[in-house]
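**Q** all I have is the shape, not the residue letters:
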């Protein structure tokens, strides 16, 4: 066993160094950050557009007294409801025909409000009138009741504990942890599919198989890719934390998961490692059977769809703690890490996580063993009956 681990560490160090010290690894680290930066840029641009240009403008062609009352009502309501709740108002000259004024090339209003506050008239296209009629009615009512309209003061009674709010917050933590783990897994584990193709093509795998056990090759490559994944996660996590600290405005503290933040973060690392090695060992075994990169690309789509189904299954189980579906998600090896990290956010029991980690680790060993046997039989053209060799160490 010690010789197997020693050989696996040699393979892991070789693959880890070859990946991390390459120039393309820097592009790999920067790649996921570019969509986030673009999203922030377009998000800020969208907020700016929605806060200014996209609000409809209504022209007010009324007496000076009614226009002033309407403006004051608009200011009072937008302070409570937000700037986006009501259309913008703009004084326009009173004309006998608002329709003619709307048809002028230099007109910047979508509708014109005329008449009096008690009997306002709104002129515009039918779809604009359907959108604005209720807002204009609210503004006119508030303007007429300017002296009598008073906002009711709500009495505050603060509570230190709300179990309902705490449960919702912990459910949200579990969902966020699931989504983060899923995207990291789907981003990183897929690379293992093509891990052995190049070495098989260059006949390097035969040299390695002659020097160390094939079990050590599979285990070492899995360890190297997992270590490379942790390097990427450390880089992305540090960048995300720096952005969070820079943008955090001192709001309320984050809700606490049921097991506490230190243990929750440790379990998140362990469950990601298990999710990665479970899928990675399966992908390594599947990819080892492929002869060309084209075959790997063909396998990529069904593998991705399988990951999506596993995630949806685990995500459904989050809302049904203790149900048969949630228990099945915790037991099924490939969905177990996602279901168990959500359980850690909502349930403070520790022993189920110890059992789950041992269960998942056993399946990692089993999948690696089966992958090695298939690789020996179909690629290396060696080995006897697989059921006799399943639990016997491979020697090369």
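**A** Here it is on my side, so go on. Because the structure is a prediction, the values reported are computed rather than measured.

**Q** neighbours around residue 187, how many?
**A** 16 (other CB atoms under 10 Å). (Each C-beta comes from the backbone N, C-alpha and C, glycine too.)

**Q** any idea which helix or strand carries it?
**A** helix 163-188 (DSSP states H and E).

**Q** pLDDT on that helix, on average?
**A** Across helix 163-188, pLDDT averages out at 86.

**Q** tell me which residue of this protein is furthest from the middle?
**A** Distance to the chain centre peaks in the chain at residue 96, reaching 56.6 Å (criterion: CA atoms, centre = their mean).

**Q** can I assume residue 58 sits in a helix?
**A** No. Remark: residue 58 does not belong to a helix; assigned using DSSP: H, G, I helix; E, B strand; the rest coil, it is strand.

**Q** is it true that it touches residue 136?
**A** Yes. Contact criterion CB atoms under 8 Å: residue 58 and residue 136 qualify, at 7.0 Å.

**Q** which residues are common contacts for these two?
**A** 113, 122 (CB atoms under 8 Å, 6 or more residues apart in numbering).

**Q** what about these two, which has more around it?
**A** Between residue 58 and residue 136, residue 58 has the larger neighbour count (other CB under 10 Å), namely 25 against 21.

**Q** for the more buried one, what are its contacts?
**A** Counted by CB under 8 Å, 6+ apart, residue 58 has contacts 87-90, 109-113, 122, 132, 136.

**Q** for residue 7, what are its contacts?
**A** Contacts of residue 7 (CB under 8 Å, 6+ apart): 212-213, 216, 220.

**Q** let's see that with 10 Å instead.
**A** Applying CB atoms under 10 Å, 6 or more residues apart in numbering to residue 7 gives the contacts 208, 211-213, 215-217, 219-220, 396.

**Q** can you tell me which of the residues you listed are buried?
**A** Burial by neighbour count, 16 or more other CB atoms under 10 Å: within the contacts of residue 7 this picks out 208, 212-213, 215-217, 219-220, 396.

**Q** show me the strands in the chain, by range?
**A** Ranges of strands in the chain, per DSSP state E, are 57-60, 88-91, 111-115, 120-124.

**Q** with distance to residue 295 and mean pLDDT added, can I get the ones you listed in a markdown table?
**A** Output for the strands of the chain, formatted as a markdown table (distance: least, CB to CB, whole Å; pLDDT from 0 to 100):
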| stretch | distance to residue 295 | mean pLDDT |
| --- | --- | --- |
| strand 57-60 | 60 | 90 |
| strand 88-91 | 60 | 90 |
| strand 111-115 | 62 | 90 |
| strand 120-124 | 62 | 90 |
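
**Q** just for the protein, where's the confidence low?
**A** Low-confidence segments of the chain (pLDDT under 70): 35-36, 39-54, 147-151, 158-163, 201, 248-253, 293, 379-396.

**Q** let's go with 50 and repeat that
**A** Along the chain, segments meeting pLDDT under 50 span 383-391, 394-396.

**Q** quick one on the thing from earlier: please report how far the residue farthest from the centre of the chain lies from residue 61.
**A** 10 Å (CB to CB, to the nearest Å).

**Q** how about residue 106?
**A** For residue 106, the distance to residue 61 - CB to CB - is 16 Å.
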